[in-house]
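Student: Kindly generate the corresponding structure for this input.
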Amino acid sequence: MKYLFFIFCSFLLTFSAVGQGQEQIVRATISGGDTLVQAQLIPHNVVGKRKFKSQREERKYYKLQKKVVKVYPYAKLASQKLELYAAELEGVESRKAEKKFYKKIEKELKAEYEGELRRLTVTEGAILIKLIDRETGNSSYALVQDFRGDITAFFWQGLAKMFGQNLKNEYDPNGEDKEIEQIVRLIEVGAIPLL
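Tutor: Okay, here's the model as predicted:
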């Protein structure tokens with residue numbers, strides 16, 4: 001039966017090559033009088049359907065998924081921008097030029113993303129803080145501290161605390177943020193499309 005399968009596969013490969021009007025050379029080995037076709041398969045990710053204990057748990061998961069899909073592109077963008085700015089910052093020699101560079105960056109980022117980021121909910125903001133830590137390796141507090149200084153970082157941390165958040169939160173893919181990590185991995189393999 002398995003030989004029949006290999007013959008069928010070789011027939012399909014030959015048929016598809018002939019049907020397209022192209023010649024195709026296929027590698028094969030002869031084993032015990034049988035010709036076995038060797039073909040390179042395209043890798044695919046197979047993701048099983050997730051099972052939930054209750055409808056409530058399912059709704060909660062899909063709500064989280066929707067929020068992660070919404071903010072994940074911003075976290076990736078933050079990582080890319082941080083790398084770009086770090087490379088540009090290496091050429092800056094004086095503290096005054098560095099401050100001027102930071103002001104320029106802030107102005108550009110505010111003009112481009114402030115409106116979109118202001119429309120995020122508190123929960124989406126908390127997820128974004130964690131995903132920024134995941135993508136950059138630095139907490140949001142550390143990033144604000146590096147770019148704007150201690151006083152500004154302290155101010156934004158106080159404001160975040162008023163809304164029950166913490167800019168110093170670190171991403172924990174094996175603990176508290178396990179579901180977020182699973183969703184991000186599904187996004188990265190293309191099982192969950194970004195909006």
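Student: Buried residues, the helix or strand encompassing Ala28. List them.
Tutor: Here Ala28, judged by DSSP states H and E, is contained in strand 27-31. For strand 27-31, the buried set under the neighbour-count rule, 16 or more other CB atoms under 10 Å, is empty. Placement of C-beta: from N, CA and C, glycine included.
Student: continuing past the longest helix anywhere in the chain, what's the next helix or strand?
Tutor: Assignment by DSSP state H gives helix 55-89 as the longest helix of the chain. Of the helices and strands lying after helix 55-89 in sequence (DSSP H and E), the nearest is helix 95-118.
Student: before we move on, the earlier item: name the helices or strands packed onto the longest helix of the chain?
Tutor: helix 95-118, helix 122-136, helix 178-188 (3 or more CB pairs under 8 Å, 6 or more residues apart in numbering; DSSP states H and E).
Student: who wins for proximity to Ala86 among the ones you listed?
Tutor: helix 122-136 (10.2 Å; CB to CB).
Student: how is this protein carved up into domains?
Tutor: Domain assignment for the chain by automatic domain parsing gives 2-38, 55-188.
Student: hey, which of those is tucked in deepest?
Tutor: Comparing the domains of the chain by mean neighbour count (mean count of other CB atoms under 10 Å), domain 55-188 comes out on top with a mean of 15.
Student: Return the residues in contact with the closest residue to Ala126 other than its chain neighbours.
Tutor: Of all residues not flanking Ala126 in the chain, Gln165 sits nearest, at 5.2 Å (CB to CB, 6 or more residues apart in numbering). Neighbour list for Gln165: Val122, Gly125, Ala126, Ile129 [criterion: CB atoms under 8 Å, 6 or more residues apart in numbering].
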